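Student: take a look and give me a structure for this.
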Amino acid sequence: MARPGVSKAEVQRARLGVMKAGRHPSIDAIRIELGNTGSKATIYRHLKEIEADEGGVSSPSTSLSEELQAFVVNLASRLEYESRERIEAQQAGHAAHVKRAAEALERSQAEARGARLDAERLASELASERARRHEVEADLAAAKLALARQTAQLSAQLDGVQEQLKSAQSHVASLEEKHGHAREALEHFREASRDQRDREARQHEQQIQYLQGELRNVSDALAAKHGELRSALQEKADALGQLTGVRAEKRQLDELLRELRPAAQRLAAQNQVVDDLRAQASQAGSQYEALLARATALGERNLELERELAALGASAQAQDQLMKDVLARIGAAGNPPILTQAES
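Tutor: The predicted structure follows:
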């Protein structure tokens, strides 16, 4: 049996040890660090006091996904602890009730009224559990919607960057064509000037100056387009950085889903306990049928929760595939070569 009276200082030392080991400081992890001693209620109370002493608010550098992960993990720990306490209390009360029914079956009507009250109380507790599960599902749906929105925004930004790259490449190609025409015109002019140098020296000089001015203009325009191309490449690099951040958030959500699966397994174990209680309650008479029906409904809800968790896992895989497709599109676009000015 776990020893009572675990101090706040012991809980704080165990919490620091768990965090240094790179694990989440849940109630079970801290209890294991303490050598499987101390009640979970005492550990939970000390943890709340420690969090209040530390400010109770995450640092500005903590991301939204980390806060959501900590919230869901703490909520799952609290649900597990409260569910275990309720199940243990219900087991003790029900065992006593069955014993009284076996000793005096003729007083079963009076005891049945007490059983109905217990069934109503259990129904209220089950409704509260369903409300808590709905809150967790709403938080997961909100996180999924935020991730989808961020992915759509990054896709739109990536399309814009690709359009800018195409436009810059088109401008550079146009400038190269103009530059080539200018070089051809200059070569043609030089060949003609060698034949008419004596007669058209002044005209030749004017044409040379004009062409040199055109070449300077073309070179300046080409340099400006190179600057625009570098800016577009920088925007592409920024988009890649944002995609990397989105992938990191997606990995955090995957870890969150993996941590929720043990909670679903524990709920399935609790469902088995409820089934055992239903089998024992059936021996007391038809008065317990309502309680057994509600326990069966709880088992069906647990199965629905497991299917929803599986659906969330499939959705996370689809998000991972979407990230791979976006990165493949970026890799296929490639970095266009930086063109150099041709010698005149």
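
Student: what's the burial count for the closest residue in space to Leu75 that isn't next to it in sequence?
Tutor: Among residues not flanking Leu75 along the chain, Val136 sits closest, at 6.3 Å (Cβ to Cβ, 6 or more residues apart in numbering). In this view, the C-beta of every residue, glycine as well, is placed from N, C-alpha and C. Look at Val136: counted by other Cβ atoms under 10 Å, it has 17 neighbours.

Student: now Val136: how far from Ala110?
Tutor: Separation of Val136 from Ala110 (Cβ to Cβ, to the nearest Å) stands at 40 Å.

Student: likewise for Ala263?
Tutor: 39 Å.

Student: what about the residue nearest the centre of the chain, helix or strand, and which?
Tutor: Centroid check for the chain by Cα atoms, centre = their mean gives Leu253 as the closest residue, at 3.3 Å. Using DSSP states H and E, Leu253 maps to helix 201-281.

Student: thought the residue nearest to Leu75 was touching Leu68?
Tutor: No. At 10.6 Å, Val136 does not count as touching Leu68 under the criterion of Cβ atoms under 8 Å.

Student: after the helix holding Leu253 comes which helix or strand?
Tutor: Helix 201-281 is succeeded, C-terminally, by helix 289-333 (DSSP H and E).

Student: what's the angle from that next one to helix 201-281?
Tutor: 160 degrees (axes from the mean of the first three to the mean of the last three Cα atoms, to 10 degrees).

Student: counting by contacts, list what helix 289-333 packs against.
Tutor: Here helix 289-333 is seen to pack against helix 108-195, helix 201-281 when contacts are counted using 3 or more Cβ pairs under 8 Å, 6 or more residues apart in numbering; DSSP states H and E.

Student: the closest residue to Arg261 other than its chain neighbours and Glu135: what is the separation?
Tutor: The shortest distance from Arg261 to any non-neighbouring residue, by Cβ to Cβ, 6+ apart, is to Leu309 (6.3 Å). Using Cβ to Cβ, Leu309 is found at 15 Å from Glu135.

Student: one more: Ala123?
Tutor: If you go by Cβ to Cβ, the gap between Ala123 and Glu135 works out to 19 Å.

Student: the more surrounded of the two?
Tutor: Taking neighbours as other Cβ under 10 Å, Ala123 and Glu135 compare with Ala123 leading, 15 against 12.
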